[in-house]
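> no FASTA, just this:
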């Protein structure tokens, strides 16, 4: 067969190149589930490599990241604990309305920041495996539908 195509196009090698080109083109027409899985694995691996390079390049700012994580989560914890403390104290107070209101304000503030605290904790402790979860929490926190 290569001889026949070769005689049509000049040489046996030309016939082989034509057959190879046609088979490669036919292969590219179909995107199999195995190819999809391989591409997905490559994309995840690349994302992990980018994350690790970023961590290496920012090793000098680890102290700052820890400080930010402590600041965000610390404030959130103080709000929750204070809200609970005020609501419990209101039970023993002669005029509980102000304590209940203050507890509600603190509780609402802490609840509004749940997603932000989740992002910080996932980012700080989750590593590369948490990147998708972080995107979802950031979307929730900022109220948007997608982050690219």
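That came through fine. Just so it is clear, the structure is predicted and the values come from calculations on it, not from any experiment. Numbers count the residues shown, from 1 in each chain.

> lowest-pLDDT helix or strand in this structure?
Ranking every helix and strand in the chain by mean pLDDT, DSSP states H and E puts helix 2-9 at the bottom, with a mean of 51.

> just checking, what packs against the lengthiest helix in the chain?
As assigned by DSSP state H, the longest helix anywhere in the chain is helix 62-92. For helix 62-92, the contact count by 3 or more Cβ pairs under 8 Å, 6 or more residues apart in numbering; DSSP states H and E identifies helix 97-112, helix 114-121 as packing neighbours. From N, CA and C alone the C-beta is placed, and that goes for glycine too.

> Kindly calculate the angle that the last one makes with helix 62-92.
Taking axes from the mean of the first three to the mean of the last three Cα atoms, to 10 degrees, one finds that helix 114-121 is oriented at 140 degrees with respect to helix 62-92.

> cool, the first one as well?
Helix 97-112 and helix 62-92 meet at an angle of 150 degrees, taking the same axes, to 10 degrees as the criterion.

> Going by neighbour count, list what's buried in helix 97-112.
Buried positions in helix 97-112, judged by neighbour count with 16 or more other Cβ atoms under 10 Å: 99, 102-103, 106-107, 110.

> Okay, now the unreliable bits of the chain?
Across the chain, the ranges flagged by pLDDT under 70 are 1-31, 44, 47-48, 51, 54-55, 57-61, 126-134, 137-138, 141, 144-148.
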